[in-house]
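> Quick one, what's the 3D model for this:
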Amino acid sequence: MAPAWGGVLQRILRPRAKAAPVTLATGGYIPPSWPANFWQLGYDPIRVGGGALVHACIAAYSQTAAMCPPTHWRSTGDGGRERVTNSALSRVMAKPNAYQSGSDSMEYPMLFTGRANWLSPEKVSTTPDSTIIHETGHQWWYAVVASNEFEHGWMDEGINTWATARVMEETRRPNLLAIRTFGTFIPFTPNLPLSREVSGNRMPTYRPDAEADAQTTPTFRYWPRSANAITYDKTALWMHTLERHLGWPTMQKVMAAYFDRWKFRHPRPQDFFQVVNDVSGQDLTWFFDQVVRTSNTFDYAVQELKQEPSSQGRTRAVVVAQRLGEATFPVDVVTTFADGQQATEHWDGKDRRVIYTYERPARVTRVEIDPGHVLLLDINRTNNSCTTQPRADAAARKWSLAWMVWLQELMITSGFFG
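Coordinates of the predicted model:
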C-alpha cells in the first residue's frame, strides 16, 4: 500500500531528496546503513521500495516518542510552570491510540497518530488509508512549509485536504461509501463509489456554511460550527477548481515551486498567491479575491429554455443562463440539439444573465452550464442543466436507492436485536 500513495505524494510535491545510498533486499525496510536522522538529512525511503515508507514513519514515531516523557510542562502566568497530564500529546505518549482517547488522527512534525475501524471492507478507504495519507501530507503542509495554522488554517489543513483527495483518487479506486452502525463498529457497504469532486472535497459539509466567514478572517476567530467548512472544505474545492482551470501539469509545477521556495520560511497567503501567478503566467488575483477575501458563493443556473417553430421547418430556441451567486467565474454554456450537434458558448460569467438564440433544423434537447465541472465551488449543480427529455427513470432510481438503504438499515437493526 505504502509505495502507491507515497509515489503519488512524491509526484505531487517533488521535494529534493537524496537517492538511497544503499538498497538492500530486505523486504523494503530502511537500509541499516542509514543514519538515525535520515529524514532530516533528506534520504528518500520511497526509492527503496516495498514497505520502506511505512517503516520510515514508524522509525520517526519511535524516535520522537523516545524523546517525549508521558507528561510535560507549560508556563503559568505568574512565571512558574505546571505539569500537563491530559493533553493530546501526553495521551499519545502514555498510551498511543487508546480507544476514545482523542489522540487519533493528529499530526506533529516527524510524528502522527492514526486510527482504523474494527471492520474495514477492502474497497472502503476511509481508514486507515485516508488517515495515513492525510497525516503524512502534514509533514509537507505545515511541518516543512511552515505556515501559521493559528491565523491561516487553510494553508495547512485546506491544502492538505486537497492533496489527500487527489492521492485517494489516484490510488484508491473504487472507494465505496460505508455506512457504519452500532457506534461505527459494523459497516454496511452499498455499491456506491465516492467521487473526489463531491466527497473528497467535502462539498456536502461546505454548502450549509459557505457564507459563514471569509478565509481572510484569522482562523481562531471563525464561527466554531463553520470552522471546518471554511478551513478544510472550501480550500479543497477552490484548489481543485484551480487545478482544473490551470491543468494538472501547471498545478503540479505550482505546488513544487511553492514547496521549494517556501520550505522552512513561514509563508503567508500572499506568498502562495504570488507563486501561483508566477508559475502559471497568469494574474489570478481576481480568483483569490473572491475565494479567500470574501465569503461570496458561486451558483450558475439555466434560467429558461424556450423553443418555437421558425421558417422553413426550422426551430428558434432561446437559452437564458443566469448567475445567482455573487462570485463570478468563466464557464461554458453547451447546448445540445436533437441531431447530435452542439453549440458551445464561452461566458465570462460576470453579467447576471446572458441570452443565446439559435435557429436550427433540430430542436434543443439539453442545455448545461460548466459540463466539464471546472467550477467545483458551484453550490448547486442541480440547476446547471435543463433537458427536454423525460428523466423519470433516473429520478425513480435515486429515490428507490435511498429507500432501499433505509430499509436495509432497518432490517440489520431488527436482525441484531431480534
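> My guess is residue 299 contacts residue 378. True?
Yes: counting by Cβ atoms under 8 Å, residue 378 is a contact partner of residue 299 at 6.0 Å. Any C-beta I mention is one placed from the backbone N, CA and C, and that applies to glycine too.
> what sits against residue 165?
Counting by Cβ atoms under 8 Å, 6 or more residues apart in numbering, residue 165 touches 196, 200, 201, 236, 240.
> And for residue 159, nearest residue in space, chain neighbours not counted?
Counting by Cβ to Cβ, 6 or more residues apart in numbering, residue 159 lies nearest to residue 141, which is 4.9 Å off, once chain neighbours are set aside.
> you'd agree that neighbour is up against residue 163?
Yes: the pair residue 141 / residue 163 is scored as a contact, 7.3 Å apart, by Cβ under 8 Å.
> picking up where we left off before, so of the contacts of residue 165, which ones are in helices?
236, 240 (DSSP state H).
> Overlap of the contact sets of residue 299 and residue 378?
With contacts taken as Cβ under 8 Å, 6+ apart, residue 299 and residue 378 have residue 325 as neighbours in common.
> So which of these two has more stuff around it?
Neighbours per residue (other Cβ atoms under 10 Å) separate residue 299 from residue 378, with residue 378 holding more: 26 against 20.
> Please tell me the pLDDT value assigned to that one.
pLDDT, residue 378: 97.
> Surely it touches residue 324?
No: the criterion here is Cβ under 8 Å, and residue 378 misses it with residue 324 at 9.7 Å.
> what residues are shared contacts of these two?
Taking Cβ under 8 Å, 6+ apart as the contact rule, residue 378 and residue 324 both touch 299, 300.
> buried stuff in stretch 282-293?
Using 16 or more other Cβ atoms under 10 Å as the test for burial, stretch 282-293 gives 287, 288, 290, 291, 292.
> Check the gap between the last one and residue 215 for me.
Applying Cβ to Cβ, to the nearest Å, one obtains 4 Å for the distance of residue 292 from residue 215.
> So for these two, which residues contact both of them?
What both residue 292 and residue 215 touch, as defined by Cβ under 8 Å, 6+ apart, is the set residue 154.
> Correct me if wrong: residue 242 contacts residue 288.
No: Residue 242 sits out of contact with residue 288 when judged by Cβ under 8 Å, with a separation of 9.3 Å.
> so what sits against both of those two?
residue 276.
> what sits against the nearest residue to residue 202 once chain neighbours are set aside?
In this structure, residue 202 finds its nearest non-sequential neighbour in residue 233, 3.9 Å apart by Cβ to Cβ, 6+ apart. Applying Cβ under 8 Å, 6+ apart, we find residue 233 in contact with 161, 201, 202, 203, 205, 206.
> Report the secondary structure element holding the last one.
Mapping residue 206 onto the secondary structure by DSSP states H and E places it in helix 203-206.
> can you list contacts of the next helix or strand after that helix?
Using DSSP H and E, the next helix or strand after helix 203-206 towards the C-terminus is helix 227-228. Helix 227-228 is contacted from outside by 153, 205, 219, using Cβ under 8 Å, 6+ apart.
> quick one: which of these is nearest to residue 31?
Comparing the contacts of helix 227-228 against residue 31 with Cβ to Cβ places residue 153 closest, at 37.8 Å.
> The closest one contacts residue 219, correct?
Yes: because the distance of 3.7 Å satisfies Cβ under 8 Å, residue 153 is recorded as touching residue 219.
> any shared contact partners between the two?
227, 231.
> Looking at the two, which one has more neighbours?
Between residue 153 and residue 219, counted using other Cβ under 10 Å, residue 153 has the larger neighbour count: 23 against 20.
> Next up, phi/psi of that one, please.
When quoted as degrees, to the nearest 10, the phi and psi of residue 153 stand at phi -60, psi -30.
> list the contacts for it?
219, 227, 231.
> which helix is the longest one in the protein?
helix 392-417.
> Now it: average pLDDT?
Mean pLDDT, helix 392-417: 79.
> What of stretch 341-349?
97.
> what comes into contact with that stretch?
By Cβ under 8 Å, 6+ apart, stretch 341-349 touches 300, 321, 323, 328-337, 354, 356, 358, 360, 362.
> Next one: residue 156 relative to residue 216, how far apart?
Residue 156 is 16 Å from residue 216, by Cβ to Cβ.
> got it, and residue 31?
Taking Cβ to Cβ as the measure, residue 31 falls 47 Å from residue 216.
> any idea how far stretch 332-339 is from the chain center?
Distance of stretch 332-339 from the chain centroid (Cα atoms, centre = their mean, to the nearest Å) equals 31 Å.
> Show me the shaky parts of this protein.
1-30, 36-73, 84-104, 115-118, 122, 125-127, 181-185, 188, 418 (pLDDT under 70).
> Let me see the domain layout of it.
For the chain, automatic domain parsing gives the domain ranges 121-295, 300-387.
> For residue 343, what is the enclosing helix or strand?
Following DSSP H and E, one finds residue 343 within strand 342-347.
> For the helix or strand just after that strand, which strands pair with it and how are they oriented?
For strand 342-347, the following helix or strand on the C-terminal side (DSSP H and E) is strand 353-360. Sheet pairing of strand 353-360 (DSSP bridges) gives strand 315-323 (antiparallel).
> How about residues contacting the strand it pairs with?
Under Cβ under 8 Å, 6+ apart, the answer for strand 315-323 is 299-310, 333, 335, 347, 349-364, 367, 369.
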